[in-house]
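1. sequence first, predicted model second:
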Amino acid sequence: MIYEHHTHHPGPDPVRDPWRDSMRLALQEAALAVSAGDVPVGAVLLGPDREVLATGHNEREATGDPTAHAEVLALRRAAAELGEWRLNGCTLVVTLEPCVMCAGALVQSRVARVVYGADDEKAGAAGSLWDLVRDRRLNHRPEVIRGVLADECARQLTDFFRDL
Ligand SMILES: [Zn+2]
């Protein structure tokens, strides 16, 4: 797998900087995946006022569930918390660019925004290999902000695969 990241901007980045603290939470969540042998991907679902509604980390190995990606788990937990499948105004923050399944789930949930760290050049569906999230044929298209703490997010993944 190839996890691309952006070069650092020299100064403040008004688009990405506001999401750094949430991405640090997602990185901590991702680290919880490793003990079960799962690839460290972590997600945080924020409500309209950026309060944390739910978190999730990859549990595919832990649960033997092919759909147990961090994003899907966070979406399900947030919807259960709200008692509502429409996550209007919410933001999903995730350490790795979502795959096709998760991009589809994000569109279905009506989240306002997807914020991710590292690009996934091999399977990313939010701009790298596909851009499902912003496909103009869909009537709901979340905003996408990529490259938040991209170096840290990419490093967590490359460290995991190097240690295997
Ligand atoms: Zn996924």
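-> Nice, I can see it.
2. just give me the residue right at the centre of this protein.
-> The centre of the chain sits closest to residue 94, judged by CA atoms, centre = their mean, with a distance of 2.1 Å.
3. was I right about it contacting residue 40?
-> No - Residue 94 is beyond contact range of residue 40, at 11.6 Å (criterion: CB atoms under 8 Å). For glycine as for every other residue, the C-beta is placed from the backbone atoms N, C-alpha and C.
4. quick one: residue 94 is in a strand?
-> Yes - counting by DSSP: H, G, I helix; E, B strand; the rest coil, residue 94 is part of a strand.
5. and it, what are its bridge partners?
-> residue 43, residue 116 (DSSP bridges).
6. for it, what are its contacts?
-> 26, 41-44, 70-71, 74, 102, 114-117 (CB atoms under 8 Å, 6 or more residues apart in numbering).
7. can you do 10 Å?
-> 22-23, 26, 29-30, 41-45, 56, 69-71, 74, 102, 106, 114-118, 126, 148, 153 (CB atoms under 10 Å, 6 or more residues apart in numbering).
8. just to revisit the earlier point, mutual contacts of residue 94 and residue 40, please.
-> In contact with both residue 94 and residue 40: 29-30, 70, 153, using CB under 10 Å, 6+ apart.
9. which bits of this structure sit near the ion?
-> 69, 99, 101-102 (CB under 5 Å from the ion).
10. keep only those of those residues that are in helices.
-> Among these, the ones falling in helices (DSSP state H) are 101-102.
11. C-terminal to the worst-scoring helix or strand of the chain on mean pLDDT, what's the next element?
-> In the chain, the helix or strand scored least confidently by mean pLDDT, DSSP states H and E is strand 3-4, which has a mean of 68. Per DSSP states H and E, the first helix or strand lying C-terminal to strand 3-4 is helix 20-31.
12. contacts for that next one, please.
-> 13, 16, 19, 38-46, 50, 52, 55-58, 70, 73-74, 91-96, 115-117, 148-150, 152-153, 155-157, 160.
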